[in-house]
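S.K.: Quick one: sequence and predicted model below, then my questions.
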Amino acid sequence: MADLTLLQEDLPEDADGFGVDDCSSESDVIVVPSALDFVSQDDMLTPLGRLDKYAASENVFNRQMVARSLLDTLREVCDDERDCIAVLERISRLADDSEPTVRAELMEQVPHIALFCQENRPAIPYAFSKYLLPIVVRYLADQNNQVRKTSQAALLALLEQELIERFDVETKVCPVLVELTAPDSNDDVKTEAVAIMCKMAPMVGKDITERLILPRFCEMCCDCRMFHVRKVCAANFGDICSVVGQQATEEMLLPRFFQLCSDNVWGVRKACAECFMAVSCATCQEIRRTKLSALFINLISDPSRWVRQAAFQSLGPFISTFANPSSSGQYFKEENKSSEDTSVEDKTRTRDEEVPEDAQIRLEDVPTDPTVFNSSVKLEGALDPDIGAESPRKPPGDSSLPCPLSSEPHQEAASNEDDKKPGTCRSASQLEVGASAQDSAPLDQELYNSFHFWRTPLPEIDLDVELEQGSGNELGPEGLEGTPEATAPASANITTATRKELEEMIENLEPHIDDPDVKAQVDVLAAALRASSLDTCDEASEAARRAPQDELLGCRLDHGTAGPLTSETVENMESALRYIHDDSDSGTSGGFSPDEERRAKVQDVVPQALLDQYLSMTDPSRAQTVDTEIAKHCAYSLPGVALTLGRQNWHCLRETYETLASDMQWKVRRTLAFSIHELAVILGDQLTAADLVPIFNGFLKDLDEVRIGVLKHLHDFLKLLHIDKRREYLYQLQEFLVTDNSRNWRFRAELAEQLILLLELYSPRDIYDYLRPIALNLCADKVSSVRWISYKLVGEMVRKLHRAAPPTFGVDLIRELVENFGRCPRWSGRQAFVFVCQTVIEDECLPMDQFAVHLMPHLLTLANDRVPNVRVLLAKTLRQTLLEKEYFLTSASCHQEAVEQTIMALQMDCDSDVKYFASIHPASTKISEDAMSTASSTY
């Protein structure tokens, strides 16, 4: 309250009423009152007295200062419960002040006062609930906008700090908010109350939100008079969905969300597009695929440009909600992972969900009916893209098409087909004549083979299909040779049936060809029709080509060879077929017609219409009609989309990624550069080497704004490459020392940090030949921050080279440090040598006995250096670093004597700073402060 005594009203000229005695008759001396007299009077008042005095002041500024000083007053009287209650009662009276600035100032102090009451709860029981919370709730409906805003902020702060009891939230806060959102309430108050309800929902939990907030929120979503209210509801829709959970979202909120997405005010629809991902996360996979996808397509084609802009920004995040954990949780190189990580029950469930029950194909059933096998092959290759794009257009009666009603099992099946590739390998001994169903049970228990996990199938993968057809009958040459002849007529028949069905579907869609989505569907079907005709033409040549290879493969199996091809031949049938389909799409894309290219981009993880819209974000026309930065948004969300689709569908995104990598805007390329290492983890090292490495090389020669993205994750990307490919970048690391702006020192600092991580990826020879020159260059940088990191880099380099066998590279590096820095004609080089030695000692990069032999003699010679800065740093290093090592404390060697003699010489130095640091005891608490005080002189 000391500040209140200086903020009183101006003193009147006459002193009456201020405790000044009248002039005595016995003396004519007039006593003039001083300001110090009034200060002393305030000091004589109790804290409550001062509070009452200035709370009753007519000066608004004084009453504001009273509000600011309430917490100090409470701290003064916290020992007396009665005084605390008295202060809180005066707070209630001050809350009735007519001046809005006083009320706003009081509300700003309420969270701090509430926290104090919570900490002193035994002394002030129920103080907040009784005195402060009613003020906060009452101010929510205040006529002054500033007071309402401060009360809303105070309420959210109190809820965030959990200072409001759950009972008070239910009985005092929520009823008031519900009342403020009544139809007859003030428009501004209603809008603000809805916003507060939405923001407090995550803090109060699911139970209170469902019982007290959700019903009124649903009503506000349908407020026909105030579009501001609907806009607030739409903006916070995702938060409410995430709180109440899936069931309440689907039953109560989704109908309201559909209404908001079709609102006649574009601002409401734009808010819906912005929160679409959060809403999607709170729904099941089936609703996400069947209902929300169509709704999102409507937002993307909205008449308002602002709605389309928001929708395209949310498109990538929305697609990421279709990710299946079993497919998106991929491994790059996990040599020790085995199929034992997945239970037999999960694999059985996945196998059952891959196709409907009436269309399931069991491995042991394949040889008994080759027609069924080939029909499934052809229908999957020709019609599955159409199914993935729009399942309702599937012709009725086609039970062999894998199109389940629920999209979630369909996704799991698609993802697990890829997951099964490495985990379902079987040895030749299990493929015996007459294998029963019991024999197939342990086939899912085979060990994981990393070679086959991330590599696309070998060209001979078609042989495996034929082998599985014949495995149920016999593995002899007769069975293998008879397979092509047995399957050729069946495949021809099914191709004819497939072409008829495709032609019928195209005819049904042609009347609606004006619709762009229908046109895209027709293009896909036309490509499938051409593909089926090509399959018919190639059937004879395929059979002739497979026969000798099958015979050779049978010989390998007879000998029980466990080579890569043998492991591939016993994979799960459907995963092999899917891989054949995907590999053929990606491998022959260069010769595709436009329709065939569109067919190659079809997948079944997300609705095809969404993926097509996402791929169109690189279209130059989108930048003119939607958003000039739409390509940047596409690049930002591309890793998430790639993770959702999985590496088996990378062919759908390859062209888009290459287009973004060559975009004219450097911001787009910068975004890709910052995420290319994450994409490499998703794709695996084969696709990375084929598709990402060329783009990575382009980024290395780009602007500094792009190069910094590559540099920040250089280690993360290079560690994913093969050792031979990784060594190619050793020649390019030197280029990072050259920047567009020489004052961009942070670029060089980042390079030093990355080089520390790269040491583990290269051999001692490579480190010495390529990384050593860069490190020594950075040690002589003009910026101290770069040099500090470089000293650590050199220390780690000394550690690794010394541990190598033989340690000749380490000895050579130390010799070069002595020559280039320890004997440098410039004092900054000699100082850098001391810093390197200090880092080597602190991080124990060398054993102390080796340090004493190779580095310490050259370090001690600097005690006679003519520059005081070098001697100061030497004294600090010897006293505060070297002498703390046990080797120099316990051993009575010549090295210890040399150190002691050097310290004694430094203690008698002519420079006071040198003498100080040479004399100070290592355990002194002032060491760090002294070091900081002389930091500028030792850089």
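M.R.: It's in. Numbering: from 1, shown residues only.
S.K.: what about residue 49, how many residues close to it?
M.R.: Per other CB atoms under 10 Å, the neighbour tally for residue 49 reads 12. Where you see a C-beta, it was placed from the backbone N, CA and C, and this is true even at glycine.
S.K.: List the contacts of it.
M.R.: By CB atoms under 8 Å, 6 or more residues apart in numbering, no residues touch residue 49.
S.K.: Give me the below-cutoff pLDDT ranges for the stretch 251-400 of the chain.
M.R.: 326-400 (pLDDT under 70).
S.K.: can you list the weak-confidence ranges in the stretch 1-150 of the chain?
M.R.: If you take pLDDT under 70 as the line, the stretch 1-150 of the chain has these spans: 1-44, 121-125.
S.K.: repeat for the stretch 501-650 of the chain
M.R.: Using pLDDT under 70, the flagged stretches of the stretch 501-650 of the chain are 501-502, 504, 508, 511-522, 524, 527-601.
S.K.: run the last query once more with 90
M.R.: For the stretch 501-650 of the chain, the stretches with pLDDT under 90 are 501-605, 621-628, 647.
S.K.: phi, psi of residue 58?
M.R.: phi -80, psi -10 (degrees, to the nearest 10).
S.K.: no no, residue 320
M.R.: Here residue 320 shows phi and psi, under degrees, to the nearest 10, equal to phi -70, psi -20.
S.K.: what's near enough to touch it?
M.R.: Taking CB under 8 Å, 6+ apart as the test, what residue 320 contacts is 277, 637, 640, 641, 643, 644.
S.K.: what does residue 813 give?
M.R.: 768, 772, 797, 798, 801.
S.K.: Could you point out which of those is nearest to residue 166?
M.R.: residue 797 (58.7 Å; CB to CB).
S.K.: For burial, what's the neighbour tally of the closest one?
M.R.: Around residue 797 there are 25 residues (other CB under 10 Å).
S.K.: any idea how far residue 250 is from it?
M.R.: Using CB to CB, to the nearest Å, residue 797 is found at 59 Å from residue 250.
S.K.: try residue 849
M.R.: For residue 849, the distance to residue 250 - CB to CB - is 71 Å.
S.K.: Which of the two has more residues huddled nearby?
M.R.: A direct count of neighbours by other CB under 10 Å for residue 849 and residue 250 places residue 250 higher, at 17 against 12.
S.K.: With residue 314 as the reference, measure out to that one.
M.R.: 20 Å.
S.K.: do the same with residue 74
M.R.: The value you get for residue 74 to residue 314, if CB to CB is used, is 48 Å.
S.K.: likewise residue 805?
M.R.: Residue 805 is 56 Å from residue 314, by CB to CB.
S.K.: Give me the more crowded residue out of these two.
M.R.: residue 314 (23 against 6).
S.K.: Phi, psi for residue 69 please.
M.R.: phi -100, psi 10.
S.K.: how about the helices in the stretch 201-350 of the chain?
M.R.: Secondary structure of the stretch 201-350 of the chain by DSSP state H, counting those that start in this stretch: the helices cover 206-208, 214-221, 227-235, 237-244, 246-248, 254-261, 266-274, 276-281, 285-287, 293-300, 305-320, 325-328, 344-353.
S.K.: Dump these to JSON lines, plus distance to residue 191.
M.R.: As requested, the helices of the stretch 201-350 of the chain are exported to JSON lines (distance: least, CB to CB, whole Å):
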{"stretch": "helix 206-208", "distance to residue 191": "22"}
{"stretch": "helix 214-221", "distance to residue 191": "9"}
{"stretch": "helix 227-235", "distance to residue 191": "5"}
{"stretch": "helix 237-244", "distance to residue 191": "15"}
{"stretch": "helix 246-248", "distance to residue 191": "24"}
{"stretch": "helix 254-261", "distance to residue 191": "15"}
{"stretch": "helix 266-274", "distance to residue 191": "13"}
{"stretch": "helix 276-281", "distance to residue 191": "21"}
{"stretch": "helix 285-287", "distance to residue 191": "30"}
{"stretch": "helix 293-300", "distance to residue 191": "23"}
{"stretch": "helix 305-320", "distance to residue 191": "20"}
{"stretch": "helix 325-328", "distance to residue 191": "40"}
{"stretch": "helix 344-353", "distance to residue 191": "47"}
